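> Just a sequence and a predicted model for now, questions to come.
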Amino acid sequence: MTPLLPGFDDPLAGPAGLDRARATASDTVRAHRRALESLLARDRWPDRAGGGGDGVLYCGGGKYWPGIAIGCRLLREAGYPDAIEVWHRGEAEPVEPADVADLDVRIVDSRAMADRLGDARILNGWESKHYALTHTALDRVAYLDADAYGVADLRPLLARSAGKFAFWIDLPGNDRTVKWPNVWPAGSGGVPAIQGGQLMIDLAACWRQVVLSHWMNQHSDFYYHHGYGDQDTWRIAFAALPGPLLCFGHATWRFPAFICQADGRDWIVHRCRGKLFRPEDSPAGSRNVSHAPARHLPAEDRVWELLVKQFGDRSAAEVFPAMYRRNVWGRGSGMGSVGPDAQDYGWLINSLALVGGWRTATDAGCGDGSILARLHFERYHGVDVAASVIEANRARFPDRTFAVADFYRDRDSLPPADVLLCRDVLHHWPNRMITDFVAWCRSSGRWKWLCFTQDVHQQADGDDTFLGGYRPLHPDMEPLKSLAPTRYVKIRDKTAVLWQCPS
């Protein structure tokens, strides 16, 4: 048997890996109910190390690391002085200690610990939270998911949680996620749905429930089929083994995040639909990822200031080719490069070229060639940082020329033409890059006109983003306003902004 904790063997033997059919089979259900009952009947529970005082505990790394690093910094800026621990699963969740080197953060490799102790049956993302909570030496813990952060000094909440397991209630629909007959036929015992992204836990006072929940997560191949991930194992544990609960009320949902409040103030933001990923780590379609500020959330201006700073010195080659590979914008260059959007853009550029006498064009950020097929120029040169799309374009358009380049950093490689086109690029750039690049292009003497097209529905003057992020740009708002466009043309949900360059 795998030891659950030192001196505390797991009553269920066997390797991990129950498929759905086996997890819902009647004999499997009975076996897990018997195992749970045997744990509850034990006279002795494992010892707890303790002695580490109060602290905040994060779990995660990899694509979640930016959010964790920013969360650690926000805590210190809010005046939180006590321990902060980040537990991550080794190479599966890489971290960048230099990002928090000035914050006195302890980083723990839970994968290495589990390999050394031999006490982990399953150690994926959700399971690792409970592994960390049973292995940390902290006494009272403010646990935060990797997509959550404090917007205040959390010490008062931890003080209120002395001797308790403190939580916020989840959305009403999640009250029905536990299949009670299969895990604990006696039912919830009045324990509501627990929002598991942020918890205040006195580990000594709730130790048996913590161990019990950890055991369920070590059997996630069963319990996750009968409840909603790790957060429902907390509910089952406290239903089966009543303990000292403290409910702060409902977590307030304000898309894209929960705002956790108590005593009339905001304490924690949990961005479960607005994660702070690097742009190249975003899933296809960029679901559940924040690319622009959600200004109704507490401390949002500071969060984005930190994001822009953290990603401020990256090159386009680090960001955009990976976004192409992951189809972050959808297929290829995104939906704006096909269908009515592309058709209207092609009509506009061809009309402007006819009126303005543009016969040649340089296209900075030409993408996958979907737009090029609609343009009527005698000479066309396309530039993009993604080598894969340039190679495909060369094969598809042998009469046109192309180059692979980061045209912000390698701007001198851009050839002269009547017009410099740049479509759906600037809204992925931070303001400082936009201002610098447009000013250089206008004064370079290489083009008669600039025509930069991007999404228009900017929310606030001066909205910023990081390289590869996203926020729309309106020509009557900063940063474009100060660049004094010659004119602009509205086209669906975009504007084509034009500058006439000095001759």
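The structure has been received and is ready for your questions. Residues are numbered from 1 along each chain as shown.
> What helices and strands are in contact with the strand or helix carrying N217?
Assigned by DSSP states H and E, N217 belongs to helix 207-218. Using 3 or more C-beta pairs under 8 Å, 6 or more residues apart in numbering; DSSP states H and E, the elements in contact with helix 207-218 are strand 3-5, helix 26-40, helix 125-135, helix 229-240. Just so you know, the C-beta spots here come from the backbone N, C-alpha and C atoms, and that holds for glycine as well.
> what residues does it touch?
For helix 207-218, contacts defined as C-beta atoms under 8 Å, 6 or more residues apart in numbering pick out 2, 4-5, 8, 10, 36, 39-40, 45-46, 48, 120-122, 126-127, 129-131, 133-134, 165, 201, 203, 223, 230, 233-234, 236-238, 240-241, 243.
> From the chain's centroid, how far away is it?
Chain-centre distance of helix 207-218: 27 Å, with C-alpha atoms, centre = their mean, to the nearest Å.
> any idea of the mean pLDDT in the helix or strand following it?
Sequence order places helix 220-223 as the next helix or strand after helix 207-218, per DSSP H and E. For helix 220-223, the mean pLDDT works out to 97.
> what angle separates the helix holding N217 from helix 125-135?
Interaxial angle, helix 207-218 versus helix 125-135 (axes from the mean of the first three to the mean of the last three C-alpha atoms, to 10 degrees): 150 degrees.
> Dump helix 207-218 to CSV, restricted to CA.
The C-alpha trace of helix 207-218 is given here as CSV (Å, rounded to 0.1, in the frame of the first residue of the first chain):
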residue,chain,number,x,y,z
TRP,A,207,-6.5,18.3,10.5
ARG,A,208,-8.6,15.2,10.1
GLN,A,209,-10.8,16.8,7.4
VAL,A,210,-7.6,18.0,5.6
VAL,A,211,-6.2,14.5,5.7
LEU,A,212,-9.6,13.0,4.6
SER,A,213,-9.8,15.4,1.7
HIS,A,214,-6.2,14.7,0.7
TRP,A,215,-7.0,11.0,0.6
MET,A,216,-10.0,11.6,-1.7
ASN,A,217,-7.7,13.6,-4.0
GLN,A,218,-5.2,10.7,-4.0
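> Specify the angle between it and helix 26-40 in degrees.
160 degrees.
> in helix 207-218, what's buried?
For helix 207-218, burial by neighbour count (16 or more other C-beta atoms under 10 Å) applies to W207, R208, Q209, V210, V211, L212, S213, H214, W215, M216, N217, Q218.
> so which of the helices and strands packed on helix 207-218 gets nearest V289?
helix 125-135 (16.5 Å; C-beta to C-beta).
> Show me what that closest one is packed against.
The elements that helix 125-135 packs onto, with contact taken as 3+ C-beta pairs under 8 Å, 6+ apart, are strand 54-59, strand 83-88, helix 110-117, strand 140-144, helix 207-218, helix 229-240.
> isn't V141 right next to L203, touching?
Yes: between V141 and L203 there is a contact under C-beta atoms under 8 Å: 6.2 Å.
> so what sits against both of the two?
With C-beta under 8 Å, 6+ apart, V141 and L203 have common neighbours L133.
> per-domain residue ranges of the chain.
Structural domains of the chain, as assigned by automatic domain parsing, span the residue ranges 3-276, 335-500.
> Out of these, the one nearest P293 is which?
Closest to P293 of the domains of the chain is domain 335-500 (C-beta to C-beta; 6.5 Å).
> Name the residues that touch the longest helix belonging to the chain?
Counting by DSSP state H, the longest helix found in the chain is helix 339-356. Outside of helix 339-356, the residues within contact range by C-beta under 8 Å, 6+ apart are 335-336, 358-359, 361, 370-371, 374-377, 418-419, 421, 423, 448-449, 451, 453, 489, 491-492, 494, 496, 498.
> Try it again at 10 Å.
Residues outside helix 339-356 that contact it (C-beta atoms under 10 Å, 6 or more residues apart in numbering) are 333-337, 358-361, 363, 370-378, 418-419, 421, 423-424, 448-449, 451, 453, 489, 491-494, 496, 498, 500.
> are any of those buried, and which?
Neighbour counting over the contacts of helix 339-356 (16+ other C-beta under 10 Å) leaves 333-334, 336-337, 358, 360-361, 363, 370-372, 375, 377, 418-419, 421, 423-424, 448-449, 451, 453, 491, 494, 496, 498 as the buried ones.
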